[in-house]
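# Here is a sequence together with a model predicted from it:
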Amino acid sequence: MVDRVKERQVEDVATLKALADPIRLGMALRWLSRLRWYAGRDRAADEAAQEALAVLENAGDLTQLAWAHSNAAQLAMLASRDREAGLLAPQAVELARKSGDPEVLTHALNNHGVLRWRAGDAIGGAALLAESLRLAVDLGLDGDACRAYANWIGAHLDDNNYPAAEELLTDAIAFADRTEQLSYFRFLQTDLAVVLLDTGRWQQALTVAQAALDAPPDVTTALALAVVANVRVRTGDDAAQEVLEALTENVRGADSLQRLLPLAGALADQGWLRGRPEEILSGVAQAYAVAVDRNHSWALEELGYWRWKAGVVDPELVGSSSPQPVRSDRPAIGDPRAAAVRHDECGDRRTPGAFGADRGQPRRGRTGKVAGGVPQGSGRPS
């Protein structure tokens, strides 16, 4: 479906170029960039977004110029190019306020809020996300409201704040269901699957993730497959390899951490369970290279943690009071003993004593695994 719509949009762009209508051409290019992103063509999406910016720069339409800035900021944010996004997002907000168009304003506020949060200002970021959400709800912009929910939840997940994420997910899923925002409903359900996985409720996570996979493939597929793969790998299910292969194929050609991190986490999990450090290193290699290139601190900590488990220490990631990168084992947050028991009940192939042993050198249980969790990536689906 996305491919058919994208082909039609390409035809429209060609027609508008021939007509020399810069405003309509800029709008068409912006939509083409979104369709390319949904189809997994990240670089091509960026090219269309930048062309839209160039076309609209002097076209005399503040609203469309604000949309072009907000769209470009969004794509940069989703690709974890935070410095670039951080320049574009406030410009988009300023242009949106000047234009008086509330729809582009809620979109721009959303991006800016996420980037403020990532930059360390969670209070300021939350305020912008709340403003975006309120504005979208008041205007009946259901998709934008779901996007605000999704990005706010994503910020909590990046902070490993599972109680806050789960509380917000309850409202968000109900809203998406009530307003029939089906793609967002599926994405939010996938986020719920991640929360369930990372807090030790594996069978529930598996059920929710598999339900998300019943729909046609889209940008949420990689994360849903990663949840299924992690549960299959950790419980010794024979179907694990098939799911990992499907996940690998799904992210082929991607260069965004949002798509690469779920695969890296699942492959690293499998390598650790097998006692094969070389598989951990190969599994995280592509995502690690992208994280280094974009200086993405959160992803570097996650991936550096796995590299440490494989015997590679990245000095710049080592905490001052710890021999490994700063990272908490997600399933063990709060009560390591209770988490260990819960994982054992879920069919985890480790001894309960493995949790809480992750100090200094890892201590192996039956299969040698201590940690888990699905790296999230930064940036939400829209």
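Structure received. Note that the structure is a prediction, hence the values are computed from the model and not measured.
# Where does the prediction get shaky in the stretch 251-382 of the chain?
Within the stretch 251-382 of the chain, the stretches with pLDDT under 70 are 315-382.
# at 50 instead, please
Across the stretch 251-382 of the chain, the ranges flagged by pLDDT under 50 are 319-336, 339, 343, 346-374, 376-379, 381.
# I'd say residue 103 and residue 139 touch.
Yes. Applying CB atoms under 8 Å, one finds residue 103 in contact with residue 139, separated by 6.9 Å. Using the backbone N, CA and C atoms, a C-beta is placed for each residue, glycine as well.
# Send over stretch 223-234 as CSV, restricted to the C-alpha atoms.
The C-alpha atoms that make up stretch 223-234 are tabulated as CSV, following Å, rounded to 0.1, in the frame of the first residue of the first chain:
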residue,chain,number,x,y,z
LEU,A,223,10.5,-3.6,17.3
ALA,A,224,7.7,-6.2,17.5
LEU,A,225,9.9,-8.8,16.0
ALA,A,226,12.7,-7.9,18.4
VAL,A,227,10.4,-8.5,21.4
VAL,A,228,9.3,-11.9,20.0
ALA,A,229,13.0,-12.7,19.2
ASN,A,230,14.2,-11.9,22.7
VAL,A,231,11.6,-14.1,24.3
ARG,A,232,12.2,-16.9,21.9
VAL,A,233,16.0,-16.7,22.3
ARG,A,234,15.9,-16.5,26.1
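# neighbours around residue 121, how many?
Residues near residue 121, counting by other CB atoms under 10 Å, number 14.
# Give me the pLDDT for it.
Listed pLDDT for residue 121 reads 94.
# Secondary structure class of residue 165, three-state.
Secondary structure, DSSP: H, G, I helix; E, B strand; the rest coil: residue 165 is helix.
# so it makes contact with residue 157?
Yes. Counting by CB under 8 Å, residue 157 is a contact partner of residue 165 at 5.2 Å.
# Common neighbours of the two, please.
Contact criterion CB atoms under 8 Å, 6 or more residues apart in numbering; residues shared by residue 165 and residue 157: 191, 195.
# Tell me which of residue 103 and residue 139 has more neighbours.
Remark: of residue 103 and residue 139, residue 103 carries more neighbours, 17 against 14, as counted by other CB under 10 Å.
# who are the neighbours in contact with that one?
So residue 103 contacts 139, 141, 144 (CB under 8 Å, 6+ apart).
# Could you do residue 156 as well?
162, 164-165, 168.
# which one of these has the most neighbours?
residue 165 (24 neighbours).
# Can you tell me which of the contacts of residue 156 lies closest to residue 39?
Proximity of these to residue 39 was ranked by CB to CB; the top entry is residue 165 with 28.1 Å.
# Excluding chain neighbours, what is closest to the closest one?
residue 156 (3.9 Å; CB to CB, 6 or more residues apart in numbering).
# Quickly note the distance from residue 269 to residue 279.
Between residue 269 and residue 279 the computed distance is 10 Å (CB to CB, to the nearest Å).
# now do residue 86
36 Å.
# circling back: closest to residue 134 out of the contacts of residue 156?
residue 168 (14.3 Å).
# and that closest one, what helix or strand is that in?
Assigned by DSSP states H and E, residue 168 falls within helix 162-178.
# Go ahead and name everything in contact with that helix.
By CB under 8 Å, 6+ apart, helix 162-178 touches 142, 145-146, 149-150, 152-153, 156-157, 181-182, 184-185, 188-189, 191-192, 195, 198-199, 330, 333.
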